[in-house]
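Trainee: coords below, sequence missing:
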């Protein structure tokens, strides 16, 4: 691994080099003092660098402009911008300029730096492969090292004709989840096998059958792909792509930088744009329903509560809360009709959680959460994140008319 460190402080360049070697012991680093050597853009191609670490005001100039110049070269490595404490307001500009991440000097640790660079390198490689293929690669079933995934099968495994279950990778109150192999072609995917009691639930069956129909109509890299759906005996099942890199809930627990959170929000806005374009409202967007592929791209899953606006069917029982209260919009909490702007509110709750590491409202009970979503003011962000307050306030507006009016508008605000 080779890294270019662009910073006026030799002491800080040395500290960064030490952090890099803590993760990559054989890493090669090149010091670059911008006051003496200027913009490194012309030297990047010859240097063969994997990534650039760039201070936010090199030689007293605007680091955002430097990022833009570097990123004009499609072969340029990813750039991680490092700013002084309190520079949060430049994060959106950094994302628009093409920075891979935005870190602060204060409190920077080897673990945080390594995680940022690993995400940046993964994203860079995904873009390179897509460029080589001339398209954005949608998910297909893939060959996995299945012996390293999940746990051995138990005695009560449910057999699905046409599939061979390999490992147990999840179990809930009403479902078992297997890594499986499709007999026809040997491709590996996930089987979600639901409890047989659900076969007798007419409301569930209608929702189950609709989920396959709705999602099958969407082709977007940020929406889970479903390959098959049906029944084996009394058990409903779904065959879908295997998402190997965990959930957003786990990523939030590990901690992430504000720019990574902003980039994920933009990608999820694109997913919602595709979903809403098919007349669908997800209605249960939450970190547990957002997973990741190996290339680091987030994927929206679990459309069990999705509502088809075109048919305007309502499958929830009157007065019953079906979604997760912690991420519900005020209109959902009040039992009012929920349109696409409701999903944008839920995304706002997730964005708050991503950038702060804390829940939006601390109440643990459903009733308290419902009351908070309807009546409580949006919390004020700490000073280091204050630059995001305006964006957050609009996403979390109590009235749908005061929010972004579409996922496309949200995406454009962040990235264009």
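Mentor: That came through fine. All values derive from a computational prediction rather than experimental measurement.

Trainee: Please identify which helix or strand holds residue 354.
Mentor: Taking DSSP states H and E as the criterion, residue 354 maps to helix 340-356.

Trainee: Equivalent analysis for residue 5, please.
Mentor: Using DSSP H and E, residue 5 falls in strand 2-6.

Trainee: I'd like the average pLDDT over that strand.
Mentor: Per-residue pLDDT over strand 2-6 has a mean of 94.

Trainee: what packs against the next helix or strand after it?
Mentor: Sequence-wise, the next helix or strand downstream of strand 2-6 (DSSP H and E) is helix 10-23. Applying 3 or more Cβ pairs under 8 Å, 6 or more residues apart in numbering; DSSP states H and E, one finds that helix 10-23 contacts strand 2-6, strand 28-32, helix 110-133. Where you see a C-beta, it was placed from the backbone N, CA and C, and this is true even at glycine.

Trainee: Please identify the pairing partners of the first one and their relative orientation?
Mentor: Strand 2-6 pairs in its sheet with strand 28-32 (parallel), strand 51-55 (parallel), by DSSP bridges.

Trainee: Please name the bridge partners of the residue at minimal distance from the centre of the chain.
Mentor: The residue lying closest to the centre of the chain (Cα atoms, centre = their mean) is residue 298, at 3.7 Å. Beta-bridge pairing for residue 298 (DSSP bridges): residue 292.

Trainee: who touches it in this structure?
Mentor: Residues near residue 298 by Cβ atoms under 8 Å, 6 or more residues apart in numbering: 222, 248, 264, 267-268, 271, 290-292.

Trainee: Quick check: of these, which lies closest to residue 330?
Mentor: Nearest to residue 330 out of the contacts of residue 298 is residue 268 (Cβ to Cβ; 20.1 Å).

Trainee: picking that back up, what's the next secondary structure element after the helix holding residue 354?
Mentor: Once the chain leaves helix 340-356, the next helix or strand it forms, by DSSP H and E, is helix 366-375.

Trainee: which outside residues touch that next one?
Mentor: 321, 325-326, 328-330, 333-334, 360-361, 363, 398.

Trainee: Stretch 5-13 too?
Mentor: So stretch 5-13 is contacted by 16-17, 29-35, 40, 52-55, 58-59, 82, 105 (Cβ under 8 Å, 6+ apart).

Trainee: Going by neighbour count, which residues in that stretch are buried?
Mentor: Applying a neighbour-count criterion of 16 or more other Cβ atoms under 10 Å, one finds 5-8, 12-13 buried in stretch 5-13.

Trainee: ditto for stretch 17-27
Mentor: Buried positions in stretch 17-27, judged by neighbour count with 16+ other Cβ under 10 Å: 17, 19-21, 24, 27.

Trainee: can you check stretch 349-358 too?
Mentor: Buried-residue list, stretch 349-358, by 16+ other Cβ under 10 Å: 349-356.

Trainee: if we can go back for a sec, packing partners for the helix holding residue 354?
Mentor: helix 248-254, helix 258-277, strand 280-281, helix 330-333, helix 389-395, helix 407-415.

Trainee: Could I get the contacting residues of the residue lying closest to residue 76 once chain neighbours are set aside?
Mentor: In space, and not counting its chain neighbours, residue 76 is closest to residue 70: 5.1 Å by Cβ to Cβ, 6 or more residues apart in numbering. Residues counted as contacts of residue 70 (Cβ under 8 Å, 6+ apart) are 40-41, 44, 52, 54, 76, 79, 98.

Trainee: let's see it at 10 Å
Mentor: By Cβ atoms under 10 Å, 6 or more residues apart in numbering, the residues touching residue 70 are 4, 6, 39-41, 44, 52, 54, 76-79, 97-99.

Trainee: Quick one: which of these is the most crowded by neighbours?
Mentor: Counting neighbours by other Cβ atoms under 10 Å, the top entry in the contacts of residue 70 is residue 99, with 29 neighbours.

Trainee: And residue 256, what's its pLDDT?
Mentor: Value for residue 256, per-residue pLDDT: 85.

Trainee: still on that earlier bit, from the buried residues of stretch 349-358, which is closest to residue 235?
Mentor: Among those, residue 350 lies closest to residue 235 (Cβ to Cβ), at 32.1 Å.

Trainee: pLDDT at the closest residue to that closest one other than its chain neighbours, what is it?
Mentor: In space, and not counting its chain neighbours, residue 350 is closest to residue 287: 6.0 Å by Cβ to Cβ, 6+ apart. On pLDDT, residue 287 comes in at 92.

Trainee: list the contacts for residue 393?
Mentor: 348, 377-378, 380-381, 402-403.

Trainee: Looking at the residues you listed, which is nearest residue 276?
Mentor: Sorting the contacts of residue 393 by distance to residue 276 puts residue 403 at the head of the list, at 13.3 Å, by Cβ to Cβ.

Trainee: just checking, the closest one touches residue 391?
Mentor: No: the criterion here is Cβ atoms under 10 Å, and residue 403 misses it with residue 391 at 11.1 Å.

Trainee: joint contacts of these two?
Mentor: 348, 410.

Trainee: and these two? which has more neighbours close in?
Mentor: Comparing residue 403 with residue 391 by neighbour count (other Cβ under 10 Å), the higher total belongs to residue 403, at 22 against 18.

Trainee: Quick one: the buried residues of stretch 5-13 as a markdown table, columns for distance to residue 155 too.
Mentor: Shown next, in a markdown table, are the buried residues of stretch 5-13 (distance: Cβ to Cβ, whole Å):
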| residue | distance to residue 155 |
| --- | --- |
| 5 | 56 |
| 6 | 59 |
| 7 | 60 |
| 8 | 65 |
| 12 | 59 |
| 13 | 59 |
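
Trainee: quick one on the thing from earlier: got a pLDDT number for the residue nearest to the centre of the chain?
Mentor: 91.

Trainee: How about residue 157?
Mentor: Predicted confidence (pLDDT) for residue 157: 82.
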